[in-house]
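In: have a look at this fold, sequence not included:
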């Protein structure tokens, strides 16, 4: 009943866009502040209730079976917890990146595997949001509003992950069509998506710079020649559908090119600036869950006559976990705020993603330690949290790549100031 009341409120909120509602519109008029507006509070509360009532009770089962969470996807879609960034002219709510991060953190608290299944569709949509024309947006983003479908982002290949310039999938123009051949790997939603964003090399010059060598395409899943591989059995986030995809003489109409030939790399980078804050928010949600589970357990488990939370060794671990969560949350908030306000956020989004990913792994490890032997057992929740956490240091740019980006940005800024 409570969830239904929240759904009713959300449907009323759908009548207007929240994209212009910034944090600074609160009662504090001295600039940056931490007050959420009323719509943001409602979205956050809705996502929180959904995670606790719909996701947490079934998360362990999805983890065991590896089944794609279509039922949860449909429920999330029906109450507006998906496709929040879709423009209003396509029937969407046109929410800000910040709003999406609020939802991502709450859903990740329930299960990051299920959250990834939900959020990966947003990753696939983002190139069309930032670079698509009105017709492309209406056709492909509008489709996701009309029924519970998902999209996927196809960039990574067997030999090209962090090194985007190593992408070998090729597209050759023939008349008014492009013919795509190649193989993608580790594609989230690869076997369930309705359509894909595909990055392919279109320059015949092997020495062409990345900024001119690639083109972004929208590719229908049902196009002849598109073949998803088997579902990969991963260490964690098992509810997420991850596959390789083969493109063999796939014909794509010219109208499905984003911006134009050679703009693909730019689109991919624009996408990451907007999608890394939600990934950081997801990692923060997992870190918060680790803290909550560890705190609860440490107040119940007793040794030497007192709850283990009373021992300084454990208490200080909890304190460090809390410090990290607050810092990670602040980091993603700033990164999201920057991109929503048109400020280049490459540095801050990499800081947020890197810090939150590392924190998720640290908090998961500490939670297992606090649980002791029970933490190593699948009957308790923290073992899954530890397995789920690891991928945050790998996907959407490894922690090492984030540090490369951060250091390059710092050095470039230092040189600019010195000149």
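Out: Yep, that arrived. Predicted, not measured: the structure shown is a model, and the values here were computed from it. Residues are numbered from 1 along each chain as shown.

In: so residue 300 is in contact with residue 307, correct?
Out: Yes. Judged on Cβ atoms under 8 Å, residue 300 makes contact with residue 307 at a distance of 6.8 Å. (Glycine included, C-beta is placed from N, CA and C.)

In: neighbour count for these two, which is higher?
Out: Counted by other Cβ atoms under 10 Å, residue 300 and residue 307 do not tie: residue 307 has more neighbours, with 14 against 10.

In: dig out what the more buried one forms beta bridges with.
Out: Bridge pairing for residue 307 (DSSP bridges) gives the partners residue 302.

In: doesn't residue 196 fall inside a strand?
Out: Yes. Counting by DSSP: H, G, I helix; E, B strand; the rest coil, one finds residue 196 located in a strand.

In: so how far is residue 355 from residue 324?
Out: Distance of residue 324 to residue 355, computed by Cβ to Cβ, to the nearest Å: 8 Å.

In: center of this structure - which residue?
Out: Nearest to the geometric centre of the chain sits residue 279, at 4.1 Å (Cα atoms, centre = their mean).

In: residues contacting it?
Out: 104, 119, 353, 356, 357, 392, 395, 396 (Cβ atoms under 8 Å, 6 or more residues apart in numbering).

In: tell me the secondary structure for the last one?
Out: Right, the one you point to is residue 396. At residue 396 the chain is in coil, as set by three-state DSSP.

In: please verify my assumption that it contacts residue 354.
Out: No. Counting by Cβ under 8 Å, residue 396 does not reach residue 354; the two are 10.5 Å apart.

In: okay, those two: which has more neighbours?
Out: residue 354 (25 against 22).

In: which element, helix or strand, includes the more buried one?
Out: Here residue 354 sits within helix 346-371, counting by DSSP states H and E.

In: got the angle for the helix ranked longest in the chain vs helix 346-371?
Out: Looking across the chain with DSSP state H, the single longest helix is helix 264-300. If you take axes from the mean of the first three to the mean of the last three Cα atoms, to 10 degrees, helix 264-300 sits at 30 degrees to helix 346-371.

In: helix 264-300: how far from the chain's middle?
Out: Taking Cα atoms, centre = their mean, to the nearest Å, one finds the center of helix 264-300 at 8 Å from the center of the full chain.

In: cool, stretch 359-370 as well?
Out: 21 Å.

In: from now on call the first residue 887
Out: Understood, numbering begins at 887; the last thing we discussed is stretch 1245-1256.

In: contacts for it, please.
Out: Under Cβ under 8 Å, 6+ apart, the answer for stretch 1245-1256 is 1169-1170, 1172-1173, 1176-1177, 1179-1180, 1183-1184, 1194, 1200, 1203-1204, 1206-1207, 1210-1211, 1213-1214, 1261-1262, 1268-1269, 1271-1272, 1274-1276, 1278-1279.

In: any idea of the mean pLDDT in that stretch?
Out: Mean per-residue pLDDT for stretch 1245-1256: 98.
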